[in-house]
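Student: Provide a 3D model corresponding to the input given below.
(one chain, ligands or ions: 1)
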Amino acid sequence: MSTAPTPWNPQDPEVQRDQRAAYDALRARCPLAHGANGHTTVLGHPEVLQVLHDHATYSSAVSQHPAVPNGYDQPQHTQYRQALDHFFAPERMAHFEPTCRALAISTVQEALALGGRLEITQEFALPFAVRVQSAFLGWPTLLQDELLQWLQRSQAATRSGERAQTAAVAQEFEDLVERVRQARRGVPPEQDISSELMHTRVDGRPLDLRELASVLRNWTVGEVGTIAASIGILLHWLAVQPDWQERLRGAPALLPAAIDEVLRIDGPLVGNRHITTQPVELDGYPLPTSAHITIN
Ligand code: HEM
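Tutor: Numbering: from 1, shown residues only. The predicted structure is shown next:
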């Protein structure tokens, strides 16, 4: 039997200052660590693959309010993906690309017009991310401001750890989605992606309000943070890599591969949560049923 995982605190300010560096340093010391929150942190590559490839033992259903689709296991996960994948089909993405590029250009022009110093996340990346997700869904500008304000309230509620607060904020989002749904009653699915979602069926039935709210929460506030963080990571990388910056200015065709590689090395999502469905051993260390695991 392996020794007990190294104790550590993922919330430690020193870890939060540079999570990627902290995880890499820990990974060099041990394949498993035990967080102050009682979760097991899985760092070793073979152990991460063991968790990723054994859905029956390591479930994605980690929350009482499962996210659609990533909070579900088989067979529901596949049913949801079958209902939702076409929204991201290559021809759909190609159709949306000009809108996305135009929003990127106008957001850059607005930022440049401000002149002087710019706080990249609040004054550029977040506004861009909200605009592009709203354009993707066919949501009006008014809703964009409401989304940004909701995002701030949601982050404050999460930081507070107060269940009543997070539940109230979650209800607010469901109410917002109900308004979007009401506004699309009798509207054909072709009008926009939100209308099409309202007509989407899974397992022969329409998505209910909770599922719609979960999908739209993922596609709006869920991804707004991820997109904004990705922009921050890429701009920081360009700022600290002047040679690469020069090279990419000279050969813009390299940009797609460079962006993928930077986000592969330093992606915005540092962990992925799972929960055990039965007693199991990881790196020779016994874990009980319902053990919370984060792979990093
Ligand atoms: C740079 C931006 C993005 C990054 C780095 C990113 C990263 C990820 C990662 C790591 C997961 C896996 C989560 C898990 O297994 O629990 C995921 C899942 C997902 N993402 Fe993104 N994402 C991005 C943008 C988006 C956008 C813009 C959308 C939709 C409009 C989106 C929709 C989804 C969906 C639906 C899933 C669930 C897939 C599944 O469970 O099968 N993502 N994303």
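
Student: switch to C-alpha atoms for all contacts and neighbour counts from now on
Tutor: Will do.

Student: And residue 30, its phi and psi?
Tutor: Here is the backbone geometry of residue 30 (degrees, to the nearest 10): phi -160, psi 150.

Student: ugh, wrong one, I meant residue 262
Tutor: Torsion angles, degrees, to the nearest 10, at residue 262: phi -60, psi -40.

Student: which non-adjacent residue is nearest it?
Tutor: In this structure, residue 262 finds its nearest non-sequential neighbour in residue 234, 7.0 Å apart by C-alpha to C-alpha, 6 or more residues apart in numbering.

Student: and what of residue 38?
Tutor: Nearest one to residue 38, counting by C-alpha to C-alpha, 6+ apart, is residue 292 at 7.5 Å.

Student: can you give me how far the helix or strand of the chain with the lowest mean pLDDT is from the chain middle?
Tutor: Of the helices and strands making up the chain, the lowest-confidence element is helix 141-160, at a mean of 82, by mean pLDDT, DSSP states H and E. Distance of helix 141-160 from its chain centroid, counting by C-alpha atoms, centre = their mean, to the nearest Å, is 15 Å.

Student: Equivalent analysis for stretch 19-29, please.
Tutor: So, by C-alpha atoms, centre = their mean, the centroid of stretch 19-29 is 21 Å from its chain's centroid.

Student: Can you give me the buried ones in it?
Tutor: 19, 20, 23, 26, 27 (16 or more other C-alpha atoms under 10 Å).

Student: Residues touching that stretch, excluding its own?
Tutor: 15, 33, 43, 44, 266, 270, 296 (C-alpha atoms under 8 Å, 6 or more residues apart in numbering).

Student: mind running it again at 6 Å?
Tutor: For stretch 19-29, the external contacting residues (C-alpha atoms under 6 Å, 6 or more residues apart in numbering) are 15, 43.

Student: Likewise for stretch 151-161?
Tutor: Contacts of stretch 151-161 (C-alpha under 6 Å, 6+ apart): 165, 166, 169.

Student: Does the residue in the chain positioned nearest to the ligand belong to a helix, a strand or coil?
Tutor: Closest residue of the chain to the ligand, C-alpha to the nearest ligand atom: residue 70 (3.1 Å). In terms of secondary structure, residue 70 is coil; the call rests on DSSP: H, G, I helix; E, B strand; the rest coil.

Student: so how many other residues sit close to it?
Tutor: Residues lying near residue 70 (other C-alpha atoms under 10 Å) number 15.

Student: start the count at 456, not 1, going forward
Tutor: In the new numbering, first residue 456, that becomes residue 525.

Student: how far away is it from residue 531?
Tutor: 10 Å (C-alpha to C-alpha, to the nearest Å).

Student: Over to residue 736. Which of the three states is it?
Tutor: strand.

Student: Same check on residue 686?
Tutor: Assignment for residue 686 (three-state DSSP): helix.

Student: That one and residue 642, how far apart?
Tutor: For residue 686, the distance to residue 642 (C-alpha to C-alpha) stands at 35 Å.

Student: Ok, residue 736 next?
Tutor: Shown here: residue 736 relative to residue 642, a distance of 53 Å by C-alpha to C-alpha.

Student: Between the two, point out the one with more neighbours.
Tutor: Higher neighbour count among residue 736 and residue 642: residue 642, with 15 against 11, using other C-alpha under 10 Å.

Student: helix/strand/coil for the nearest residue in space to residue 686 that is not next to it in sequence?
Tutor: Spatially, and ignoring its direct neighbours in sequence, residue 686 is nearest to residue 580 (6.1 Å; C-alpha to C-alpha, 6+ apart). For residue 580, the assignment made with three-state DSSP gives helix.

Student: I'd like the next helix or strand past the least confident helix or strand of the chain.
Tutor: helix 618-638 (DSSP states H and E).
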